[in-house]
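> Mind looking at a prediction? Sequence and model below.
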Amino acid sequence: VCLYFILDYSKFLVMGGMALSYLFPPLGKESIIPYGIDQGFTVWQMTGLIFMVDVVCAMFISWNLPLAKKIPLIGRLISWVEKKGTETLAKNPGLRTVSFIGLVLWVMVPFQGSGGITASIIGRAIGMRATHVISAVGIGAIIASYLIATAASKVIEVLRENWILGVAMIGAVIVVSVVLYYFYRRYNIKKNQEALEREKEA
């Protein structure tokens, strides 16, 4: 409703379509945000859109999970996501130890299943309060969305002026992302090993 009154009708339709598309895999922050920037939306508009969708999903899931699972079709989807979240939690027991910060990082990392719905289910599964889950999702979403939107706007701007330099920038972003993901995986594996050792000792 707010977007309808703030934006032109054509832009409202595009942004509404992006909001809906963001809810369904395989689309995510890494694809929706660059598309929006290319369509003429600003960094803060795209950041606000992703933040809004993730926080609304987090509120809905955190406060209404048992009720939501009874809704036809949506309930099956939520149950499927809950199963995936439980499997992720089993594979990554370190998530239980980092709690709030871990959930923020989970939302920030742009990979499949890192949105507000899965993060909320995982947060509730490890016993976090609803307010903490919503806050963690909001913080992670706004940081990740702003960084991705800023990078996308710069790359698109350079591509339009000099496509060779733009391609080089995209390559650099990919390399940096791979390196960061590598260190993230190492850190995650270390945390998981520590958590498993603590469980064995207990």
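Ah, there it is. Numbering: from 1, shown residues only.

> Now do the buried residues in whichever strand or helix holds Q45.
Assigned by DSSP states H and E, Q45 belongs to helix 43-68. For helix 43-68, the neighbour count (16 or more other C-beta atoms under 10 Å) marks 43, 45-55, 57-62, 65, 68 as buried. In short, each C-beta sits where N, CA and C put it, glycine included.

> Also stretch 140-152?
Quick answer for stretch 140-152 (16+ other C-beta under 10 Å): 140-152.

> got a list of what Q45 touches?
M15, G36 (C-beta atoms under 8 Å, 6 or more residues apart in numbering).

> Kindly state the pLDDT recorded for it?
In this model, Q45 is scored at 89, pLDDT.

> Okay, and F24 sits in which element?
Counting by DSSP H and E, F24 is found in no helix or strand.

> Confidence-wise, which helix or strand of this protein is lowest on average?
Every helix and strand of the chain was ranked by mean pLDDT, DSSP states H and E. The lowest is helix 74-91, at a mean of 68.

> Pull the residues that contact stretch 50-63.
19, 22-23, 29, 32-33, 68, 78, 107, 115-117, 119-121, 123-124, 130, 133-134, 137-138, 140-142, 144-145.

> Same check on stretch 136-153?
Outside stretch 136-153, the residues within contact range by C-beta under 8 Å, 6+ apart are 29-30, 33-34, 36-38, 43-44, 46-47, 49-51, 54-55, 57-58, 100, 103-110, 116, 119-120, 123, 128, 173.

> Would you mind writing the CA trace of it as CSV?
Only the C-alpha atoms of stretch 136-153 are listed here, as CSV (Å, rounded to 0.1, in the frame of the first residue of the first chain):
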residue,chain,number,x,y,z
ALA,A,136,18.6,-10.4,13.4
VAL,A,137,16.8,-10.8,10.0
GLY,A,138,16.3,-7.1,9.7
ILE,A,139,19.9,-6.2,10.5
GLY,A,140,21.3,-8.9,8.1
ALA,A,141,18.9,-7.9,5.3
ILE,A,142,19.7,-4.2,5.4
ILE,A,143,23.4,-4.7,5.5
ALA,A,144,23.5,-7.3,2.8
SER,A,145,21.0,-5.5,0.5
TYR,A,146,22.9,-2.2,0.8
LEU,A,147,26.2,-3.8,0.0
ILE,A,148,24.9,-5.7,-3.0
ALA,A,149,22.9,-2.7,-4.3
THR,A,150,25.9,-0.4,-4.0
ALA,A,151,28.2,-2.9,-5.8
ALA,A,152,25.5,-3.5,-8.5
SER,A,153,25.0,0.2,-9.1
